[in-house]
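Student: Please find the sequence and the predicted model below.
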Amino acid sequence: MRTTLFAIICIFAFQVNLFSQTEADRLTGVWEPSNGKARVKIDKIGTKYFGKVVWLKEPIDPETDKPKVDKNNPDKALQNAPIKGYRLLKDFQFKEGNIWHEGTIYDPENGSTYACTIEMVDENTLEIRGYIGISAFGRTDVWKRLQIPKRD
Amino acid sequence: MIKSIPLFLFLIFSFKAIAQPQDSTITEQEEDFSMYDNLDYVDQGAKRFCTSKVIGLSPQKLISIGYDVQGQTDISSSSVGMLNQQTEFSNVRFSHGLRLQGNIPVLSRNNIIIQVIFNYLEQRYNYDQTLLPIPTYPFRRTILQNGIRSTGLGTTIFKPLNEKSFLLFQATGDNNGDYGWDNLPDLVNTRLSVAAIWGKKVSDRKMWGFGVSRTYRAGDLNYIPVFLLNWTAANGKWGAEMLLPARANVRRTFNSRNILLLGYELEGQTYRIDSRNAFSALPGYNNLELRRSELRVKATYEFSLSGFIWLSFQAGFRYNYSFNVDTLPNNNDFFRGFTGTQPYLFEGKLSNTFYSLVSLNLVSP
């Protein structure tokens, strides 16, 4: 009897965990910020979620005629790092419902990193809020999900 | 047992290496990014709007705490209106005052930004009391003893219409006068300043706009056209930030955390001088408004102390534009504009002087 009960609990716990993981993994995929200047691919690494730049509308820096690099980064060692491939989103954890939190977002245009929360409004829309200190001091942007074109 | 230690350590480190997330900022370079060139929206793309930001613009101050000090100045005034008072004169060794300002975003989304703005500015005077006999100089005595303050609350709304155009609206109610904590101002005397601008976001480095404003920056109530320009050169080193005619700055950016601004600002308000005035018993001295305005030609150096905490040093020359006094008929403010002929009660003069302002700021993301 005890063995059966233990087995049921284990199966239930496993299924809950599996469901939770699936729910959390909805965040993965390729997303586009509202300004349409970049595309960011969000992956799960370990237990957290990270997003890197995979496409730029204007990949070449007009000043140098070379691929854009992270020249505004306060860390000099990273100022020659290419923007394409750069991890802007870091360390997001699934909270519950439609929220991923405790992450950061980096803005290459000014070299600043902000605390960040992601809310999935629907399966294909994210509201990404970057802020400093408290959430009131921040800004929300809408990101849309992208996919490989379907071929008929 | 000893032989198994290296194997144990190897297993520990191997496990750690596998378990640790690959969270380096720079990702593997050999990835083929071309697969992301042609993607479609799963449903539909977000409607795109221009942002209020221009690359390289000096950071907007969310909260600012500053202190302003002006050098020695002479104040003189002569009565030209209904009263036959003698000319007043006094010497101010220096003047100083606290400056608190805030721009708190209450709604900040890509399709609208609404901010609550507040400010508290004061001007206190350190003067030679032996040159200020009572009651010969009643008006000057009131100003110098009590100082003047401005407390304002308002909102700024940035509403992008699409990717290229936007509306900008700002309204503030300011209560200005010689009041203090023991004698708070009457809200009836709140003065409303409003500006509405339509503009174009030409690129990430340039935005401009035209509009109209109801303003007290020249001391008197006025209605004037305004022109907005925020621009950064392609090299990112030079730029301009202006809202004419109120202010204009040329910007030199050394890097994203060190900025020098050279320019001017027209600063002014109308101040109710009746809270604690020394001559309220005199007929005709009721409902007095000090029309104060000054042009500050200035150099400002701003830099990041740490992250979003910025320090600002400003120094320049303060040129007096208006220090005149009106008495309001029936306690109603009136429009004089640039061409009005209504006489002032006093025409005041401040000699020009140098000033400096230091402020600690929490800046916007």
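Tutor: Here it is on my side, so go on. Numbers count the residues shown, from 1 in each chain, chains lettered A, B, ... in the order given.
Student: Who are the contact partners of the residue most central in space within chain A?
Tutor: Residue closest to the mean C-alpha point of chain A, counted by Cα atoms, centre = their mean, is A:G51 at 4.0 Å. For A:G51, the contacting residues are A:31, A:40-43, A:87-90, by Cβ atoms under 8 Å, 6 or more residues apart in numbering or on different chains. Every C-beta, even on glycine, is put in place using the N, C-alpha and C of the backbone.
Student: what do you get if the cut-off is 6 Å, keeping everything else the same?
Tutor: Residues in contact with A:G51 (Cβ atoms under 6 Å, 6 or more residues apart in numbering or on different chains) are A:40, A:42, A:88-89.
Student: Okay, helices next: where are they in chain B?
Tutor: Under the criterion DSSP state H, chain B carries helices at the ranges B:4-19, B:138-146.
Student: Quick check: the gap between the closest residue to B:L167 other than its chain neighbours and chain A.
Tutor: Counting by Cβ to Cβ, 6 or more residues apart in numbering or on different chains, B:L167 lies nearest to B:K159, which is 4.5 Å off, once chain neighbours are set aside. The gap separating B:K159 from chain A is 15 Å, by Cβ to the nearest Cβ, to the nearest Å.
Student: can you list the residues of chain A near chain B?
Tutor: Contacts of chain A with chain B, taken as Cβ under 6 Å from any Cβ of the partner chain, map to A:34, A:36, A:39, A:45-46, A:48, A:52, A:54-55, A:72, A:81, A:84-85, A:87, A:109-111, A:114, A:124, A:130, A:132, A:137, A:139-142, A:144-147, A:149.
Student: what does the stretch 101-250 of chain B put close to chain A?
Tutor: B:108-110.
Student: buried stuff in stretch A:103-111?
Tutor: A:103, A:105-106, A:108, A:110-111 (16 or more other Cβ atoms under 10 Å in any protein chain shown).
Student: which ones are touching the most centrally placed residue in chain B?
Tutor: Centroid-nearest residue in chain B: B:Q101, 7.2 Å away (criterion: Cα atoms, centre = their mean). B:Q101 is in contact with B:64, B:119, counting by Cβ under 6 Å, 6+ apart.
Student: Output the lowest mean pLDDT helix or strand found in chain A.
Tutor: In chain A, no helix or strand scores lower on mean pLDDT, DSSP states H and E than helix A:2-24, which sits at a mean of 61.
Student: now the nearest residue to B:N230 once chain neighbours are set aside: how far from B:R99?
Tutor: Leaving out its chain neighbours, the residue that sits closest to B:N230 by Cβ to Cβ, 6+ apart is B:V54, at 4.4 Å. As judged by Cβ to Cβ, to the nearest Å, B:V54 and B:R99 stand 25 Å apart.
Student: Any stretches of the stretch 1-150 of chain B with poor pLDDT?
Tutor: For the stretch 1-150 of chain B, applying pLDDT under 70 flags the ranges B:1-30, B:45-46, B:79-89, B:130-138.
Student: for it, what spans make up the strands?
Tutor: B:40-41, B:61-70, B:73-79, B:88-109, B:112-127, B:148-160 (DSSP state E, counting those that start in this stretch).
Student: just to revisit the earlier point, could the contacts of A:G51 be laid out in JSON lines, adding neighbour count and distance to B:T232?
Tutor: Formatted as JSON lines, the contacts of A:G51 follow (neighbours: other Cβ atoms under 10 Å in any protein chain shown; distance: Cβ to Cβ, whole Å):
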{"residue": "A:V40", "neighbour count": "25", "distance to B:T232": "25"}
{"residue": "A:I42", "neighbour count": "22", "distance to B:T232": "31"}
{"residue": "A:L88", "neighbour count": "21", "distance to B:T232": "22"}
{"residue": "A:L89", "neighbour count": "25", "distance to B:T232": "26"}
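Student: Could you list the low-pLDDT ranges of chain A?
Tutor: Ranges of chain A meeting pLDDT under 70: A:1-21, A:150-152.
Student: Which single residue of it ends up nearest chain B?
Tutor: A:G46 (3.5 Å; Cβ to the nearest Cβ).
Student: Quick one: neighbours of that residue, just the number.
Tutor: As a burial measure, A:G46 scores 13 neighbours (other Cβ atoms under 10 Å in any protein chain shown).
Student: mind checking which helix or strand the closest residue in space to A:W31 that isn't next to it in sequence is in?
Tutor: The shortest distance from A:W31 to any non-neighbouring residue, by Cβ to Cβ, 6+ apart, is to A:W143 (4.3 Å). Element membership for A:W143, per DSSP states H and E: strand A:138-147.
Student: Paired strands for that strand, with orientation please.
Tutor: Each strand that pairs with strand A:138-147, with its direction, by DSSP bridges: strand A:29-32 (antiparallel), strand A:125-131 (antiparallel), strand B:40-41 (antiparallel).
Student: of all these, which lies closest to B:Q72?
Tutor: strand A:125-131 (45.0 Å; Cβ to Cβ).
Student: what does the closest one rub up against?
Tutor: A:105, A:114-121, A:137-138, A:140-143, B:365.
Student: ok, now stretch A:138-149?
Tutor: Here stretch A:138-149 has contacts from A:29-34, A:124, A:126-131, B:39-42, B:45-46, B:108-110, using Cβ under 6 Å, 6+ apart.
Student: buried subset of these?
Tutor: Applying 16+ other Cβ under 10 Å to these flags A:29-34, A:124, A:126-131, B:39, B:46, B:108-110 as buried.
Student: Show me where the stretch 201-350 of chain B dips below the pLDDT cut-off.
Tutor: Short version for the stretch 201-350 of chain B, where the test is pLDDT under 70: B:275-285.
Student: what mean pLDDT would you report for stretch B:152-162?
Tutor: The average pLDDT within stretch B:152-162 is 96.
Student: Going by neighbour count, list what's buried in it.
Tutor: Going by 16+ other Cβ under 10 Å, stretch B:152-162 has these buried residues: B:152-154, B:156, B:158, B:160.
Student: For chain A, state which of those is nearest.
Tutor: The closest of the buried residues of stretch B:152-162 to chain A turns out to be B:P160 (Cβ to the nearest Cβ; 10.3 Å).
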